[in-house]
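Enquirer: Using only what follows, build the 3D model:
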Amino acid sequence: MSINPDIMKRTSYTLLLVFITTLSTFANSSKAFTEKADAFFKKYVKNGSVAYKAINLDKAEITSLYKEIGKMNLSSFSVNEKKAFYINAYNIIVIYWVAEYYPLKSPLDKSGFFDKVKHKVAGEDLSLNALEIKKLLLPYKDGRFHFVLACAAKSCPPLASFAIHPEKLEEQLNERTTMALNNGEWLRVVTADKKVALSKIFDWYKGDFTQKGSAIEWINQYRKMKIPTDYVIEYYEYNWSLNEG
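Expert: Below you'll find the model as predicted:
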């Protein structure tokens, strides 16, 4: 039996297109991006500190992730996939921007770090503030986001050494929030004076924690030892020194 060469060519071309399309879809998938982000965080983040110097010396991995963030198409993403993507994207952009201008003593040493410099995120030009507020805080009104987002500073809630996964989103948000709010250095209860010293995050983003009650009531959802609701709230000075490891 003879085989028509034209049919063979068309078949080969069709298979090639299917293969290329499959590769393209995987490259743009939530799973593929999360896995690469996860490997990056595990490599460079430890105990909430980031190895900016090592990243600065070899920028290939962070640069690849940064570029991928800009090209992502979220049209087929579920709500949890979008949330996880924006959280991971935010953290990668913060690290990328610090590494790009390393050495820095603080992210605030770079003018417009959070509010002016724009980055390509899934086809949109967004500052870090716009990414945080427009893509996470305003649409979903979830104060737990503050405990998984990097700010490159020592007073920021400790950055996880792993990516946020869509299928583990609720578990990871609760875990990181609980960890920070039960840390005696990060949240300081002074029983003798009936006071609690909170991070200025609770002042700057007060509305995220007082939608259904007081900030203390919100915090107590995640505290092992509840704080009396009549305790006076104070805010300790924010340490913007680089969270370098």
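
Enquirer: show me where pLDDT drops low in this structure?
Expert: Residue ranges of the chain with pLDDT under 70: 1-28.

Enquirer: can you do 50?
Expert: Flagging of the chain using pLDDT under 50 yields the residue ranges 11-27.

Enquirer: Please enumerate the helices of it.
Expert: 5-27, 30-44, 52-57, 60-71, 79-100, 128-132, 138-140, 169-181, 201-204, 215-220 (DSSP state H).

Enquirer: can you tell which of the ones you listed is closest to Phe162?
Expert: Using CB to CB as the measure, helix 30-44 is the one of these that comes nearest Phe162, at 5.4 Å. The way it works is simple: take the backbone N, C-alpha and C, and place the C-beta from them, glycine included.

Enquirer: Tell me the buried residues in the closest one?
Expert: 30, 33-34, 36-38, 40-41, 44 (16 or more other CB atoms under 10 Å).

Enquirer: ditto for stretch 236-245
Expert: 238, 240, 242-244.

Enquirer: Stretch 69-88 too?
Expert: Neighbour-count burial for stretch 69-88 flags 69, 72, 74, 77, 80-88 (criterion: 16+ other CB under 10 Å).

Enquirer: before we move on, what about stretch 137-150?
Expert: Within stretch 137-150, the residues that qualify as buried are 137, 143-150, counting by 16+ other CB under 10 Å.

Enquirer: will you turn those residues into CSV that also has distance to Val117?
Expert: Compiled in CSV, the buried residues of stretch 137-150 are given as follows (distance: CB to CB, whole Å):
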residue, distance to Val117
Leu137, 19
Gly143, 26
Arg144, 26
Phe145, 21
His146, 21
Phe147, 24
Val148, 22
Leu149, 17
Ala150, 15
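
Enquirer: Need the max-distance pair from these.
Expert: Going by CB to CB, the pair spanning the buried residues of stretch 137-150 furthest: Gly143 and Ala150, at 16.6 Å.

Enquirer: any idea how far Ala37 is from Ala84?
Expert: Distance, Ala84 to Ala37, by CB to CB, to the nearest Å: 9 Å.

Enquirer: do Ala51 as well
Expert: Counting by CB to CB - Ala51 and Ala37 are separated by 16 Å.

Enquirer: same check, this time on Phe209
Expert: Counting by CB to CB - Phe209 and Ala37 are separated by 27 Å.

Enquirer: With Leu181 instead?
Expert: Taken as CB to CB, the span from Leu181 to Ala37 is 25 Å.

Enquirer: Tell me which of the helices of the chain lies nearest to Ala163.
Expert: helix 30-44 (3.8 Å).

Enquirer: In terms of secondary structure, what does the closest one contact?
Expert: helix 60-71, helix 79-100 (3 or more CB pairs under 8 Å, 6 or more residues apart in numbering; DSSP states H and E).

Enquirer: would you turn those into a markdown table with distance to Phe202?
Expert: Converted to a markdown table, the helices and strands packed on helix 30-44 look like this (distance: least, CB to CB, whole Å):
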| stretch | distance to Phe202 |
| --- | --- |
| helix 60-71 | 29 |
| helix 79-100 | 19 |
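
Enquirer: Val117: which of those helices is closest?
Expert: The closest of the helices and strands packed on helix 30-44 to Val117 is helix 79-100. By CB to CB, the value is 7.0 Å.

Enquirer: Okay, angle between that closest one and helix 60-71 too, please.
Expert: 130 degrees (axes from the mean of the first three to the mean of the last three CA atoms, to 10 degrees).

Enquirer: coming back round to it: tell me, what's touching Ala84 and Ala37 both at once?
Expert: Shared contacts of Ala84 and Ala37 (CB atoms under 8 Å, 6 or more residues apart in numbering): Ala163.

Enquirer: who touches the residue positioned nearest the centre of the chain in this structure?
Expert: Centroid check for the chain by CA atoms, centre = their mean gives Ile87 as the closest residue, at 3.2 Å. When the contact criterion is CB under 8 Å, 6+ apart, the partners of Ile87 are 136, 145, 148-149, 164.

Enquirer: Thanks a lot, catch you later.
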